[in-house]
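Visitor: Got a predicted model here, sequence first, then my questions.
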Amino acid sequence: MKSLVTILMIGLISNVNAQIGRSFSLLEAKEYALKNHVKITNASLEYDKAVHQKKEYLAAGMPEANITGAFNQFLNLPVQVLPISFFNPGAPEDEVIAFRAGTEFNSNASLQVNQLLFDGSYFVGIEASKLLIELQNIQQTRTKEEVLFAVIDAYHIACVAKENLAFADSIYQITADLEAKQKSYLALGVVTNEELDQMTYAVLTAKNAFENAELQTSNALALLKYSMSFPQDSVLVLSNTLNELDKEASQISIGSVEDNSLLPLLQTQIDLSQCNVRNNKAGFLPSFSAYFQQSYNAYRTSFDFFQDKPWYSQTNWGLQMKIPVFSSGKGRAVVKQSEIQLMQDENNFELTKQGLKLQEVQLKNTLSAALKKRSLQQENSALAEKIYRNAIKKEALGNGNNVMVTQKLSQVMIAHAEYTASLIEVYRSKIELDKLYNKLN
């Protein structure tokens, strides 16, 4: 019985916690995404893969040992042909003798060790493998940047949607309250059916706006959960308010485009292109390697390799050298192509830097204009709401007009929609500028 009660209590607590949900500030949402997002995990795996690729390349310059073995059975022994004069000098020179030589069963085993002594491409490749690791490290940073941008943007949208829902709810409630009062006045003859219908129209309009705000809030929270890699079936609660986000967004970021994460990526690409040029030039250099081989061979007329019979050993070592002599101009053409690619990468670097500076000017101007627009739209929305509430009060006192109430409702909804749009524009411009300066984290 106690166990059953315990299980029920645990289930009840779990259900309550699921309904309460987990609260996130913007900072906490960013930290959660950095720890749990699949894109970041994959970027980390790519980095680990690059580390192992470097180890693989380094191993190419280390000693390599192989053991090989073989077994042969000659169903027909090979035929050897020799002049008869080899055995009998007095025999005619054009006469030959054929005979089968060798043993039916042969087996061998050998150990061979190879060691690279010099290869220009190998040393260039080591440097390139280090650059590949650096490249993946930069890609990791850029992946985190993309995830953070998506999380911040989604969090802003969700906060604006939440505020818009509260506003739509308040407008719907005061409009519905006035309709309820006017229904009671209808029996007393204070209002007409036409006036009540006009007020009902206003209520339905406000209700529709409220339901749309609910849908937008639900979609915004779903987008935020996806951006964070947070379970969609769990409840997420926003702990930051618009006022807190406004304070941060109102401060224009100070930074430099030199800190943009794209520039190190392009610089690493230039370094890789330089390695490619040196690697192609190294193709004209000689390469040296050494080897050592120990082998054992057995020859049997019957399959008795496991008996105590002799195995004949052979030991040898040597050096190998390869010197490129002539490639019909192919090698020089390849070098020239890599040099052209290097020049293109350097030009792209400068072009990208100029583009980032242009983007900096545009984003600063956009953010400055958006802040001014938000201030005006905020004042306009507050004024429209004040006018609408006054119209509601006048109508409640019998000094208003239901048609005017409907018109003011439309006015306040348009003004608030423009205000929320200006908020999104401010937040988006701010985080784009932060991304440009590599300051999202």
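Guide: Happy to help now that I have it. No experiment lies behind these values; they were computed from the predicted model shown.
Visitor: which residues touch stretch 376-390?
Guide: Outside stretch 376-390, the residues that touch it by CB atoms under 8 Å, 6 or more residues apart in numbering are 167, 171, 174, 405, 408-409, 411-412, 414-416, 418-419, 421-422. C-beta: built from backbone N, CA, C; applies to glycine.
Visitor: neighbouring strands for the helix or strand harbouring residue 69, and are they parallel or not?
Guide: Here residue 69, judged by DSSP states H and E, is contained in strand 64-73. On the basis of DSSP bridges, the sheet neighbours of strand 64-73 come out as strand 105-118 (antiparallel).
Visitor: Rounded mean pLDDT for the helix or strand just after the strand it pairs with, please.
Guide: Later in the chain than strand 105-118, the nearest helix or strand by DSSP H and E is helix 120-186. Helix 120-186 carries an average pLDDT of 90.
Visitor: And stretch 349-358, by the same measure?
Guide: Here the average pLDDT along stretch 349-358 is 96.
Visitor: What residues of it count as buried?
Guide: Buried residues in stretch 349-358, counted by 16 or more other CB atoms under 10 Å: 349, 352, 356.
Visitor: Residues in contact with the helix or strand that the strand holding residue 69 is followed by: which ones?
Guide: Next in sequence after strand 64-73, counting helices and strands by DSSP H and E, comes strand 79-83. With CB under 8 Å, 6+ apart as the test, strand 79-83 has contacts from 91, 93, 95-101.
Visitor: Just the buried ones from those residues?
Guide: For those, a neighbour count by 16+ other CB under 10 Å gives an empty buried set.
Visitor: Return the subset of those lying in strands.
Guide: 96-100 (DSSP state E).
Visitor: so can I have CSV of these showing distance to residue 161?
Guide: Below are these laid out as CSV (distance: CB to CB, whole Å):
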residue, distance to residue 161
96, 100
97, 102
98, 97
99, 97
100, 93
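Visitor: so when I look at residue 253, I'm seeing a helix, right?
Guide: No. When classified by DSSP: H, G, I helix; E, B strand; the rest coil, residue 253 is found to be coil rather than part of a helix.
Visitor: Dihedrals phi and psi, it?
Guide: Here is the backbone geometry of residue 253 (degrees, to the nearest 10): phi -60, psi 150.
Visitor: Wait, it touches residue 433, no?
Guide: Yes. Taking contacts as CB atoms under 8 Å, residue 253 lies within contact range of residue 433: 5.0 Å.
Visitor: Please identify which of the two sits among more neighbours.
Guide: Comparing residue 253 with residue 433 by other CB atoms under 10 Å, the one with more neighbours is residue 433, at 21 against 16.
Visitor: Would you quantify the distance from the more buried one to residue 154?
Guide: Residue 433 sits 18 Å away from residue 154, taking CB to CB, to the nearest Å as the criterion.
Visitor: returning to that earlier point: out of the contacts of strand 79-83, what pair is the most spread apart?
Guide: Greatest spacing in those, by CB to CB: 93 and 100 (23.3 Å).
Visitor: Now do the same contact list for the residue lying closest to residue 105 once chain neighbours are set aside.
Guide: Nearest residue to residue 105, sequence neighbours excluded (CB to CB, 6 or more residues apart in numbering): residue 300, at 4.2 Å. Residue 300 sits next to 103-107, 309 when contact means CB under 8 Å, 6+ apart.
Visitor: Ok, residue 102 next?
Guide: 74, 77-78, 299.
Visitor: In terms of pLDDT, where does it sit?
Guide: Predicted confidence (pLDDT) for residue 102: 78.
Visitor: and it, what are its phi and psi?
Guide: phi 100, psi -180.
Visitor: distance of it from residue 431?
Guide: Residue 102 is 81 Å from residue 431, by CB to CB.
Visitor: Kindly report the same for residue 276.
Guide: Residue 276 is 37 Å from residue 431, by CB to CB.
Visitor: which residues does the closest residue to residue 47 other than its chain neighbours contact?
Guide: Computed as CB to CB, 6+ apart, the closest residue to residue 47 that is not its neighbour in sequence is residue 136, at 4.3 Å. Going by CB under 8 Å, 6+ apart, residue 136 touches 43, 46-47, 49-50.
Visitor: cool, residue 47 as well?
Guide: With CB under 8 Å, 6+ apart, residue 47 has these contacts: 133, 136-137, 139-140.
Visitor: Using the three-state scheme, assign the closest residue to residue 125 other than its chain neighbours.
Guide: Distances taken as CB to CB, 6+ apart place residue 57 nearest to residue 125, at 5.4 Å, with adjacent residues excluded. At residue 57 the chain is in helix, as set by three-state DSSP.
Visitor: Might one say that residue 57 is in contact with residue 126?
Guide: Yes. Counting by CB under 8 Å, residue 126 is a contact partner of residue 57 at 6.5 Å.
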